[in-house]
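> Generate coordinates for the sequence data below:
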Amino acid sequence: MTTTAPSDVRPDPPRSPDDSSLTSFGYRQELHRSLGRYASFAAGFSFISVLTTVFQFFAFGYAFGGPVFFWTWPAVLLGQLAVAACFAELAARYPLSGAIYQWSSRLSNPSFGWFAGWIMVIGQIVVVAAAALALQMVLPAIWSGFQLVGHDPAPTSPDGAANAAVLGVVLLVLTTLVNMVDNRLMSVINRVGVTAEIIGAVLIIVLLFTHSERSPGITFHPGEGGSGLFGALAVGAFTAAYVMIGFDSAGEMSEETHHPRRTAPRTILTALGAAGLLGGLIVLGGLLAAPSLTDGHLGVDGLSYVLTSSLGDGVGRALLADVVVAVAVATLAIQTAACRMLFSMARDGRLPFSGRLAKVDPRTGVPSVPALTVGVLSAALLLLNFASPEAFLAIGTTCIVMLYLAYAMVTGPMLVRRLRGGFTADGTDETGAPLFSMGRWGVPVNAIALVYGLLMSVDLAWPRAAVYDPTGGHWYFQWFTVLFLGATLLVGAAYRAYRARTAPAEAAEAAPPSYA
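I've put the predicted structure just below:
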């Protein structure tokens, strides 16, 4: 029999006073609590990753909406701020991993909450794949050698789509390894990456505005797609909708954050506010500095074309290198959030292979099996890009709809609870200050958040042939979002029915600990 030498035993990490907050929910502290306020902010900001998402979907928004698509940005930002305000209240009251699942379950019932968590985690896995695909928008623009497959780097071409999948898989291998090592390493990479992204975003904004070719009045001009102003805005809103998701990640990391009841609500709002402001200015700057609005490049190559054409190859490529860092950090952060959701649901015994998914390495303080699971499933989704270039857009839009629906499955029960008088502002945070609350504005803001989320979900999922199957012949891509959502619900319902039949005692609708 072998024994471990004392020198090889790593002592337990120091316990935080915040660890005891989990006992009121019936959980014990397993994840290492090591994140401060900036790290919490970085978790939300890096999921949003304004550089990743704006560069990934700017061309799409412009192609369908023309310059007027800029105005969808403030509209989406206001709607998402309403959602974020609701989430900030919940983060103060329920500082738990698996935020959407935990919040929905406590506001409604365990069954409804399970489906919210199920939709959310599947959506997060799709977001990981979509974020990894963004490398194709920047790496070949920096150096043609990054085009490993074929010669056409456009993500809507067969060569570009296949190359995007290859680059994405390489990135997923790296992020999966980081997520399996230690949450402190993940936090350091997040903080460094977010700092670099913010600096890069500010530099891009300054340089674009100092190289303006036209006035802001151009944003009142619709595109030439012939779909009318409403149609242009409805489709152009995809860009802003894709960018401004994931701010709830600060809540996902609550069990690893110091003073989460005080920290998470503020970082949820500041992450979205900062990303919304920076992203809007980048979109406006790109429209003003583009060499031409009519030569076709802006609707295909997007902001990469603007940077290299207006600022010169040297400066443009240097800024694009910063975007690459943002893409990598965003993929890492989104994968981390998905891992925490899997861990939280598995901890309650509500997923297949829950025992393995809920296991936390006491040395590293991270659930490594969820990291590997998310990495493998996301990489499998990337293989769709080899089938058709339309998969690029299908994957991106599907993940947005999944998250929007999951958000609505929180704001909906929350509004019902408010109207019944069951949602109060009682309680204090770790410093003794009152918990974050919207006060008398709670009902109207909550109602706006719910209606906005449902309308955006319908808009995003609407099977427009011109958007999802422009070349024709791929009906499954036109209906991909609807089909994927339907399949997600069917698989979830089938699993729950199977568990109820084979293990009725375990599958009973008994609430997880302290479901008050």
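> next structured bit after the strand or helix carrying Pro413?
Using DSSP states H and E, Pro413 maps to helix 391-419. Counting by DSSP H and E, the next helix or strand C-terminal to helix 391-419 is helix 442-461.
> Report the buried residues of the longest helix seen in the chain.
Scanning the chain for the helix with the most residues, using DSSP state H, yields helix 313-347. By neighbour count with 16 or more other CB atoms under 10 Å, helix 313-347 contains the buried residues 316-317, 319-320, 322-347. C-beta here means a position set from N, CA and C on the backbone, and glycine is covered the same way.
> again with stretch 205-212
In stretch 205-212, counting by 16+ other CB under 10 Å, buried: 205, 207-208, 211.
> any idea which of these is the one closest to Pro155?
Leu208 (22.1 Å; CB to CB).
> who's in contact with the closest one?
282, 285-286, 288-289, 306, 310 (CB atoms under 8 Å, 6 or more residues apart in numbering).
> Wasn't it part of a helix?
Yes: counting by DSSP: H, G, I helix; E, B strand; the rest coil, Leu208 falls inside a helix.
> any idea how far it lies from Leu281?
8 Å (CB to CB, to the nearest Å).
> do the same with Ile334
23 Å.
> Over to Ala234?
Taking CB to CB, one finds Ala234 at 23 Å from Leu281.
> ditto for Val170
For Val170 relative to Leu281 (CB to CB), the value is 31 Å.
> Between those two, which has more neighbouring residues?
For Val170 versus Leu281, the count of surrounding residues by other CB atoms under 10 Å is larger for Leu281: 19 against 13.
> wait, what's in contact with the residue nearest to that one when sequence neighbours are not counted?
Spatial nearest neighbour of Leu281, chain neighbours left out: Ile205 (4.7 Å); criterion: CB to CB, 6 or more residues apart in numbering. Residues in contact with Ile205, defined by CB under 8 Å, 6+ apart, are 278, 281-282, 285.
> mind running it again at 6 Å?
The contact partners of Ile205, by CB atoms under 6 Å, 6 or more residues apart in numbering, come to 281-282, 285.
> any idea which element it lies in?
helix 183-210.
> Give me the distance between that helix and the centre of its chain.
Relative to its chain's centre, helix 183-210 lies at 17 Å (CA atoms, centre = their mean, to the nearest Å).
> Buried ones in it, by neighbour count?
183-184, 186-187, 189-191, 193-194, 196-198, 200-201, 204-205, 207-208.
> what's next to the next helix or strand after it, contact-wise?
Per DSSP H and E, helix 183-210 leads on to helix 228-243 as the next helix or strand towards the C-terminus. Helix 228-243 is contacted by residues 53-54, 57, 61, 64-65, 68-69, 72-73, 76, 222-223, 279, 400, 456, 459 when judged by CB under 6 Å, 6+ apart.
> and the residue nearest to the spatial centre of the chain, helix, strand or coil?
For the chain, Gly246 is the residue whose C-alpha lies nearest the centre (CA atoms, centre = their mean; 3.6 Å). Look at Gly246: counting by three-state DSSP, its state is coil.
> From what I see, it and Ile48 are in contact.
Yes: using CB atoms under 6 Å, Gly246 makes contact with Ile48 at a distance of 5.1 Å.
> for the closest residue to Ser144 other than its chain neighbours, phi and psi?
Closest residue to Ser144 apart from its sequence neighbours, by CB to CB, 6+ apart: Pro153 at 7.8 Å. Main-chain dihedrals, Pro153, degrees, to the nearest 10: phi -80, psi -10.
> do the same with His297
Torsion angles, degrees, to the nearest 10, at His297: phi -70, psi -40.
> do you know how far the closest residue to it other than its chain neighbours is from Gln80?
With sequence-adjacent residues excluded and distances taken as CB to CB, 6+ apart, His297 is closest to Tyr305, at 4.7 Å. Remark: distance between Tyr305 and Gln80 (CB to CB) = 28 Å.
> Looking at those two, which has the bigger crowd around it?
Gln80 (28 against 22).
> quick one: that one and Met244 touch, right?
Yes: counting by CB under 6 Å, Gln80 touches Met244, with 4.6 Å between them.
> rewinding a little: secondary structure element holding the nearest residue to the residue nearest to the centre of the chain once chain neighbours are set aside?
Leaving out its chain neighbours, the residue that sits closest to Gly246 by CB to CB, 6+ apart is Phe47, at 3.1 Å. Using DSSP H and E, Phe47 maps to helix 37-48.
> mean confidence score for that helix?
Computed over helix 37-48, the mean pLDDT rounds to 91.
> after that helix, next one along is what?
By DSSP H and E, the next helix or strand past helix 37-48 is helix 50-65.
> Would you mark the buried spots in the helix or strand following that following helix?
Next helix or strand after helix 50-65 toward the C-terminus (DSSP H and E): helix 72-93. By 16+ other CB under 10 Å, the buried positions in helix 72-93 come out as 72-73, 76-77, 79-93.
> What separation do you get for Tyr495 and Gln80?
31 Å.
> oh, I was asking about His258
Counting by CB to CB - His258 and Gln80 are separated by 26 Å.
> shaky segments in this structure?
1-20, 223-229, 392, 425, 503-516 (pLDDT under 70).
> rerun at 80
1-21, 154-156, 183, 222-233, 313, 385-396, 422, 424-426, 466-474, 502-516 (pLDDT under 80).
> Let me see the contact set for the residue nearest to Gly246.
Phe47 touches 246, 249, 333-334, counting by CB under 6 Å, 6+ apart.
> what do you get if the cut-off is 7 Å, keeping everything else the same?
Going by CB atoms under 7 Å, 6 or more residues apart in numbering, Phe47 touches 246, 249, 330, 333-334, 337.
> In JSON lines: those residues, plus distance to Arg418.
Below are the contacts of Phe47 laid out as JSON lines (distance: CB to CB, whole Å):
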{"residue": "Gly246", "distance to Arg418": "25"}
{"residue": "Ser249", "distance to Arg418": "25"}
{"residue": "Ala330", "distance to Arg418": "33"}
{"residue": "Ala333", "distance to Arg418": "31"}
{"residue": "Ile334", "distance to Arg418": "30"}
{"residue": "Ala337", "distance to Arg418": "26"}
